[in-house]
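> Any chance you can model this:
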Amino acid sequence: MSGDASRGGSEAVVEVRWPAAGAVSVDEVLRQVSSQELAVGDERVRGFLVAFGRRLLKERRHPELGPLGFFLRPSELARVLDGLRGEHLRVPRGLVFHVPPANVDTVFVYSWALSALMGNRNVVRLSPRAGAVAEAVLGTLQDALADADPVVAGTQRIVSYDRSERVTAALSSACDLRVIWGGDRAVTEIRRHPLAPHARDLTFPDRSSFAVVRAPAWLAAPVAARVEAADGFANDAYWFDQAACSSPRTVYWVGPPDDCAAARADFTACLAEAVARRGWAVDAAMAVEKRVATYGLAADGVARGIGFHGNVLASVELATPETAPRRWLGAGTFAHTRLDALGDLVSLVERRDQTMTHFGFERAELEGLARALGGRGVDRMVPFGAALSFHRVWDGEDLPAEYTRLVTVSS
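Okay, here's the model as predicted:
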């Protein structure tokens, strides 16, 4: 449906997906969500989020919703609110307009849930191209409304519309905070629409992520530990077809050449087994795209070796660490290269690098690397299996803090 010329005639119209209401004018959406106010940590919203999370934990068709349900458990919401305590009073920003990406179906829920917990009124633009996971989330949200306080339905909206200058402009001019996910192009396009003078943007542009493994530690680990690590890595990479900003694309092996070669071979075998156990598959079109991308790296001199494990796993041996690709090469495609020491990453990291998943390193080593990087890149360092685990601090931004304002009260 086009937001410019659909059922609303010349009036800008969106489809309200939740609470389900069909075609509604943007002016009416804004009027509806502005009719009630909330507080930071509002118990009515908090209770709804907990109930919604419990329903997600029972969802069996889409296992990627499990971490979202776990994130919304009561203890985690309490921890988020506890982290806001200080000498100043926290109040909601007001109206928050969220523009999430289309290729990771759960990002919009994390962004919206934290904003709602902070007492904001929210309008979330859900892409018409959203997939089955997003539809499952919408269904669960709708079911959870049955037991919720009416203030939840009165202050929150998830809408869909095709690319529409008028709709985006109207929502942008009305909001107090605009949250843009989904890449450099999306950020640039949406920023063309002005905000009110007091409002601001919170942006999450294109990011890339990688993994780092200490080869001797991998070889010394028990079989069970290596199997568990490979399972976690598979979850990190395959749940969203390796398109999530936090999914690893390059694996850096740290150690002597022989150790790195042996560890990489064992890791690849473990990963192939993990993918096979889950029954994950790659369709023919994706398989062709992966081969075109990997052969292209070889033709350009970036890769000196390529290996395929069926259609689901492709390994690329890089000519040098400096040539690590940051673009998406296709689901289940991993570039590999060797480093002498963890500190060698300092000269390789770029600002767009977001998450570093790791195996075989102590916390002190990781903190040393973070200090040496000096903010030039890498916002998260997490173990294998935690790349997709959402946290209140994302891309170096404390989201609950961003979703609130500070009020100074003196007496």
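> Please list all residues in contact with P19.
P19 sits next to 142, 145, 153, 156-157 when contact means CB atoms under 8 Å, 6 or more residues apart in numbering. In short, each C-beta sits where N, CA and C put it, glycine included.
> which stretches of the protein aren't confidently modelled?
1-10 (pLDDT under 70).
> Could you list the domains of it?
Domain assignment for the chain, taken from automatic domain parsing, gives 13-206+395-407, 208-391.
> Could you report the separation of the residue sitting nearest the centre point of the chain from G154?
The centre of the chain sits closest to V107, judged by CA atoms, centre = their mean, with a distance of 5.1 Å. Counting by CB to CB, to the nearest Å, the separation of V107 from G154 is 24 Å.
> sorry, back to before: for the residue nearest to the centre of the chain, list the residues it contacts.
By CB under 8 Å, 6+ apart, the residues touching V107 are 100-101, 181.
> Which helix or strand contains I306?
In this structure, I306 is located in strand 303-309 according to DSSP states H and E.
> and the helix or strand just after that strand, which strands flank it?
Per DSSP H and E, the first helix or strand lying C-terminal to strand 303-309 is strand 313-318. Under the criterion DSSP bridges, strand 313-318 sits next to strand 303-309 (antiparallel), strand 333-339 (parallel) in its sheet.
> Using TSV, please lay out those strands together with distance to R55 and mean neighbour count.
Below are the strands paired with strand 313-318 laid out as TSV (distance: least, CB to CB, whole Å; neighbours: other CB atoms under 10 Å):
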stretch	distance to R55	mean neighbour count
strand 303-309	37	15
strand 333-339	35	22
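> With respect to H193, which of these lies nearest?
For the strands paired with strand 313-318, proximity to H193 was assessed by CB to CB; strand 333-339 is nearest, at 35.7 Å.
> same for the next helix or strand after that closest one, what does it pack against?
Going down the chain from strand 333-339, the next helix or strand is strand 353-359, by DSSP H and E. Counting contacts by 3 or more CB pairs under 8 Å, 6 or more residues apart in numbering; DSSP states H and E, strand 353-359 is packed against strand 208-214, helix 223-238, strand 380-383.
> Of the ones you listed, which stretch is the most buried?
Highest mean neighbour count among the helices and strands packed on strand 353-359 (mean count of other CB atoms under 10 Å): strand 208-214, with a mean of 24.
> Quick check: L313 touching A274?
No. The pair L313 / A274 is not scored as a contact, 9.8 Å apart, by CB atoms under 8 Å.
> who's more crowded, these two?
Shown here are L313 and A274; by other CB atoms under 10 Å, L313 has more neighbours (24 against 21).
> Look up how far R191 lies from the more buried one.
38 Å.
> One more: P216?
P216 is 47 Å from R191, by CB to CB.
> rewinding a little: put together JSON lines for the contacts of V107, with distance to A78, secondary structure and neighbour count on each row.
Compiled in JSON lines, the contacts of V107 are given as follows (distance: CB to CB, whole Å; DSSP: H, G, I helix; E, B strand; the rest coil; neighbours: other CB atoms under 10 Å):
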{"residue": "P100", "distance to A78": "25", "secondary structure": "coil", "neighbour count": "26"}
{"residue": "P101", "distance to A78": "29", "secondary structure": "coil", "neighbour count": "20"}
{"residue": "W181", "distance to A78": "26", "secondary structure": "strand", "neighbour count": "23"}
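> Am I right that A341 is in contact with V254?
Yes. Between A341 and V254 a contact is recorded at 6.5 Å, counting by CB under 8 Å.
> So the two - more neighbours on which side?
A direct count of neighbours by other CB under 10 Å for A341 and V254 places V254 higher, at 25 against 11.
> List the contacts of that one.
Counted by CB under 8 Å, 6+ apart, V254 has contacts 212-215, 260, 338-342, 344, 360.
> What's the biggest helix in this structure, counting residues?
Ranked by residue count and defined by DSSP state H, the top helix of the chain is helix 257-278.
> tell me what that one is packed against?
If you count contacts as 3+ CB pairs under 8 Å, 6+ apart, helix 257-278 packs onto helix 215-220, helix 223-238, strand 248-254, strand 303-309, strand 313-318, strand 333-339.
> so which of those gets nearest P92?
Evaluated over the helices and strands packed on helix 257-278, closeness to P92 peaks at helix 223-238, with 33.6 Å, by CB to CB.
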